[in-house]
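**Student:** below are the sequence and a predicted model; questions follow.
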Amino acid sequence: QVQLVESGGGLVQPGGSLKLSCVASKGSLAYYGMGWFRQAPGKEREAIACINSGAGSTWYEDSVQGRFTISRDNEKNTVTLQMDSLKPEDTAVYYCAAGAYGSAWYVPRSLSEFNYWGQGTQVTVSS
């Protein structure tokens, strides 16, 4: 059982940066693939950045490639999403999720592969 808590969301101007954090308040993330998802009003939840449990491989959705960076610290039980060059279209509720337990080499990316979800944190990009 894993419980995830996100933080770091807020209001930022276009071109600005935010760093989201996801901490496991219960359980260990060490053997889970991790992902960041987002859901804008009226749209489906989508994966934007994922990382395998070994932290050797990552995947990014095309619209965030080169602007967002996912990383993890298994000792601190934390996954972060550094978001740079933010755009208004990045406005959404951001969720972290854990899945693909025990598959150190595999980078999960579809919603059905993730078993545990945080409550979400709002990111608003606006001038």
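**Tutor:** On my side now, so go ahead.
**Student:** residue contacts, the spatially most central residue of the chain?
**Tutor:** The residue lying closest to the centre of the chain (C-alpha atoms, centre = their mean) is Trp36, at 2.0 Å. Contacts for Trp36 (C-beta atoms under 8 Å, 6 or more residues apart in numbering) come out as 20, 22, 47-50, 68, 70, 79, 81, 94-97. Yep, even glycine has a C-beta here, placed from its N, CA and C like the rest.
**Student:** same check, this time on Gly35
**Tutor:** Applying C-beta under 8 Å, 6+ apart, the residues near Gly35 are Ala47, Ala49, Cys50, Ile51, Cys96, Ala97, Ala98, Gly99, Pro108, Arg109, Phe114.
**Student:** again with Gln122
**Tutor:** Contacts of Gln122 by C-beta under 8 Å, 6+ apart are Gly9, Gly10, Ala92, Val93, Tyr94.
**Student:** look up the residues forming beta bridges with the fourth one.
**Tutor:** Beta-bridge partners for Val93, by DSSP bridges, are Gln39, Gln122.
**Student:** got the confidence number for Gln1?
**Tutor:** pLDDT, Gln1: 85.
**Student:** spatially nearest residue to it (excluding sequence neighbours)?
**Tutor:** Gly27 (5.5 Å; C-beta to C-beta, 6 or more residues apart in numbering).
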